[in-house]
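have a look at this prediction, sequence included:
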Amino acid sequence: QVQLVESGGGLVQAGASLRLSCAASGRTISRYAMGWFRQAPGKEREFVAAMAWTGGSTNYADSVKGRFTISRDNAKNTVYLQMNSLKPEDTAVYYCAADPLGVIRGISGFGSWGQGTQVTVSS
């Protein structure tokens with residue numbers, strides 16, 4: 001089982017940028033698909049972005065396309081989410097997740113989850 005710890009969240013104004021990090025331990029994530037999800041108060045957890053183990057295949061929610069970028073550094077066993085042009089509607093707890101199959105196949109494949117990091121965007 002891989003353990004995941006998110007960091008980098010905070011309170012920012014609309015239009016600002018943040019970079020979230022997800023540090024993995026216990027196993028190397030080089031063969032895992034990695035994803036970011038978020039959950040706003042009173043809402044269900046939703047998909048944000050994912051990257052297959054090869055790094056060449058990515059997928060983004062329509063609401064973040066062109067603003068967010070997922071990346072990975074296998075040498076550091078870390079995944080990142082660069083978030084630009086943040087909007088108040090991006091406010092949520094952001095979770096990192098890992099799928100051992102290595103391909104992007106939906107939320108059900110992500111068996112390991114971090115505890116989340118809060119992102120708050122003020123208008």
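Now that the structure is in, tell me what you want to look at.

can you read off the pLDDT for Arg27?
pLDDT, Arg27: 94.

quick check: closest non-adjacent residue to it.
Sequence neighbours aside, Val2 is the residue nearest to Arg27 in space, at 4.5 Å (criterion: Cβ to Cβ, 6 or more residues apart in numbering). From N, CA and C alone the C-beta is placed, and that goes for glycine too.

what is the neighbour count of that neighbour?
Applying other Cβ atoms under 10 Å, we find 19 other residues in the vicinity of Val2.

how far away is it from Glu44?
For Val2, the distance to Glu44 equals 24 Å [Cβ to Cβ, to the nearest Å].

again with Gly102
According to Cβ to Cβ, Gly102 and Glu44 sit 26 Å apart.

swap in Gly116?
Separation of Gly116 from Glu44 (Cβ to Cβ): 14 Å.

which strand residues sit across from Ala50 in the sheet?
Gly35, Asn59 (DSSP bridges).

likewise for Val12?
Bridge pairing for Val12 - DSSP bridges - gives Val121.

chain neighbours aside, what residue packs nearest to the spatially most central residue of the chain?
What sits nearest the mean C-alpha location of the chain, by Cα atoms, centre = their mean, is Trp36, with 2.4 Å. Sequence neighbours aside, Val48 is the residue nearest to Trp36 in space, at 4.3 Å (criterion: Cβ to Cβ, 6+ apart).

isn't the residue nearest to the centre of the chain up against Met51?
No. Trp36 is beyond contact range of Met51, at 9.1 Å (criterion: Cβ atoms under 8 Å).
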